[in-house]
Structure formats: C-alpha cells, structure tokens
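> Fold the following and give me the result.
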Amino acid sequence: MLVVGTGTMGAGIAQVAALGGYRTLVHDAAAAQVDAAIRRIGDDLEKGLARGKVAVADRDAALARLERAPDLATAAASAGFVIEAVVEDMATKQTVFRTITRHAPGDAIFATNTSALSITEIAASIDAPDRVIGMHFFNPVPRMALVEVIRGLQTSTSTVERTFEVARRMGKEPVEVNEFPGFAVSRINAMIGNEAFYMLMEGVASAEGIDKALRLGLNHPMGPFELGDLVGWDIRLKVLEHLHATLGEKFRPCPLLVKYVRAGRLGRKTGRGVYEYSASGELIRASADTPR
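Prediction:
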C-alpha cells in the first residue's frame with residue numbers, strides 16, 4: 001500500500017491502512033511532512049490506547065508497518081494499491097497519477113481521495129483508466145466509518161471489488177457511488193453548510209444556535225459551522241464552486257462564506273473560522289465579528 005500526501009486526510013488514511021495490516025509506504029513531496037504525519041499517527045494511536053479503542057499490540061504493529069518513501073517512483077514500483085491524497089487540484093492529481101502509473105505493477109489499483117473532482121478526468125490522464133477509482137474518506141479518518149467508492153466511466157468491476165476489500169480491511173463501510181458532481185455526501189453537506197451561512201448572514205439565528213439546532217433537531221453529531229471549521233472553509237468553497245459550475249444556481253456560494261475565506265478565516269487550521277480556537281485546537285468561542 002502506498003499513500004501519497006500526508007495532510008490530515010493522508011495521515012489518517014495511512015493510519016487505518018497500517019492498522020488494517022498493510023505494509024504502508026508514506027510519501028509527500030515535502031519530505032519533512034512525512035515525519036510530522038507519522039508523529040501525528042503515533043499521537044492518535046496513543047489516544048486510542050488511552051480510550052481503550054486500540055490494543056498495545058495493534059499500536060506497535062501499525063507503527064512498525066509505516067515506512068517513509070522519499071522517492072515516489074521507487075515506492076510505486078512495489079505498491080499493489082495506491083491511495084492519492086494530495087491537494088484538491090486536478091492538474092496536481094493528474095501529475096501524481098502519471099508518475100505513479102509509469103512505475104507501478106501492471107495490476108495495481110490507483111485510488112484518489114477526492115470530495116468532488118472527476119474520477120473519469122483523472123483516469124483519462126493515464127494509460128490504465130480501468131484501474132482508477134475514487135475513495136472518498138471522511139475526517140477524522142480513523143473514526144469515520146464511511147468510504148464512498150466512486151466508479152468513473154471506465155472503472156472496471158474488478159477494481160471496484162478490490163477497493164471494497166481494501167476499505168473493509170481498513171475497518172470501513174464502503175458505499176458504491178457513480179461519478180456525479182459532489183458524489184453523495186459532499187453534495188448534501190455542501191448545501192447544508194452553504195445554507196447555514198445564508199441563515200447566519202440573514203440573521204435567522206446565531207452560529208451557536210444553528211449548530212445546536214441541527215445537533216439536537218436532526219441528531220447530527222456536529223453542527224454545520226463546527227464541521228466546516230474542522231474541514232476548512234477554503235475546501236468547502238472549492239466544492240461549492242465546482243457544484244455551482246456543474247449543477248447550477250442552487251449551489252452558488254453564500255457571499256458571507258466567500259468573505260470568510262478571503263479573510264483567511266478557514267477554521268481550525270488557521271485558528272479562526274466561524275469560531276476561534278486555541279493554539280492546541282481547542283474551541284474558545286464564536287468569533288467576535290461573526291453575525292449574531
């Protein structure tokens with residue numbers, strides 16, 4: 001197993017792959033990020049150990065299966081299954097896929113962790129489109145059960161079947177989705193988060209009130225602003241822009257959401273989104289200039 005990209009999602013994917021028993025090669029264009037990701041994985045496994053969710057033997061075995069892969073071509077040559085988790089940019093993903101497929105074994109599967117981009121378009125950039133598939137994991141990866149398995153136009157049935165096997169071995173529940181803008185979850189989530197921003201802009205309720213209403217009224221584990229702050233509003237905006245361009249006016253990004261992104265208020269990763277966070281990522285309060 002090769003995981004390319006060591007951001008929040010890539011690190012989480014590497015963690016569940018290693019826990020699932022896979023020898024897991026980890027690569028990032030910024031080599032220092034790999035060490036940081038492996039440290040984060042170790043910290044998360046320690047927390048799981050403290051909560052009784054991870055056994056000592058499983059923690060030790062998972063960490064032993066994680067291997068740094070400084071050279072992408074060399075790593076790809078020994079990988080039967082590749083999961084790409086780089087930035088949500090089509091050109092970047094296509095470049096990574098072209099490098100991987102030039103060196104990977106002839107039966108390797110190439111999965112992309114994307115929340116909205118076209119699997120078919122990514123696959124069209126290489127010579128083996130039948131072995132390209134989407135695996136949309138959810139944040140935080142170690143604790144979210146769902147993986148959307150997205151079939152592109154030329155994805156083969158055997159590729160889908162092998163991907164289901166991998167997802168289940170990682171402890172996930174796969175759901176097959178045919179490629180369409182936003183897939184299933186991102187399409188609905190984007191609309192909920194966007195509508196929440198419209199409600200905030202219109203003064204329907206405070207951010208805290210909207211979050212509390214959806215937690216209690218719809219039994220959501222997190223409100224739309226809490227979730228958006230966790231995911232990152234820049235990522236949410238990119239998804240909305242894509243859905244607006246492909247599916248029409250109902251996905252037009254709320255002007256207030258756009259304003260937050262322009263201000264750099266992206267959520268937890270910048271310390272400030274709809275809410276403010278401490279240096280350790282703990283919630284402090286709603287931002288003082290958030291409409292109330």
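
> Hmm, F138 is touching E173, no?
No - with contact defined as Cβ atoms under 8 Å, F138 does not reach E173; the gap is 10.9 Å. (Each C-beta comes from the backbone N, C-alpha and C, glycine too.)

> Compare those two (neighbour count), which wins?
F138 (20 against 11; other Cβ atoms under 10 Å).

> Neighbours of the closest residue in space to that one that isn't next to it in sequence, how many?
Excluding its sequence neighbours, the residue lying closest to F138 (Cβ to Cβ, 6 or more residues apart in numbering) is M144, at 3.8 Å. Using other Cβ under 10 Å, M144 has 14 other residues around it.

> Surely M144 is in a strand?
No - according to DSSP: H, G, I helix; E, B strand; the rest coil, the state of M144 is coil, so it is not within a strand.

> between F138 and E173, what contacts are shared?
L146, V147 (Cβ atoms under 8 Å, 6 or more residues apart in numbering).

> Am I right that P255 is in contact with M201?
Yes - between P255 and M201 there is a contact under Cβ under 8 Å: 7.0 Å.

> So which of the two has more stuff around it?
M201 (14 against 11).

> Run through the residues that contact that one.
M201 neighbours (Cβ under 8 Å, 6+ apart): C254, P255, L256, P291.

> Could you look up the SS state of the spatially closest residue to R68 that is not a sequence neighbour?
Spatially, and ignoring its direct neighbours in sequence, R68 is nearest to V34 (5.2 Å; Cβ to Cβ, 6+ apart). Assigned with three-state DSSP, V34 falls in the helix class.

> correct me, but V34 touches H27?
Yes - the criterion here is Cβ under 8 Å, and V34 meets it with H27 at 7.0 Å.

> the more surrounded of the two?
The neighbour comparison of V34 against H27 (other Cβ under 10 Å) goes to H27, with 30 against 24.

> Would you mind measuring from the nearest residue in space to the more buried one that is not next to it in sequence to A286?
Closest residue in space to H27, ignoring its immediate chain neighbours: A69 at 4.2 Å, by Cβ to Cβ, 6+ apart. For A69, the distance to A286 (Cβ to Cβ, to the nearest Å) stands at 42 Å.

> Which residue of the two possesses the greater neighbour count?
More crowded of A69 and A286, by other Cβ under 10 Å: A69, with 21 against 18.

> Which residues are in contact with that one?
With Cβ under 8 Å, 6+ apart, A69 has these contacts: L2, L25, V26, H27, V34, A75.

> Can you give the domain ranges for the chain?
The chain breaks down by automatic domain parsing into domains covering 2-178, 185-286.

> The ones you listed into CSV, with extra columns for mean pLDDT?
Shown next, in CSV, are those (pLDDT from 0 to 100):
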stretch, mean pLDDT
domain 2-178, 96
domain 185-286, 94
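
> can you list residues touching both of V34 and H27?
T6, A69.

> Now do the strands in the stretch 51-200 of the chain.
66-68, 81-84, 109-112, 132-136, 146-151, 173-178 (DSSP state E, counting those that start in this stretch).

> Thanks a lot, catch you later.
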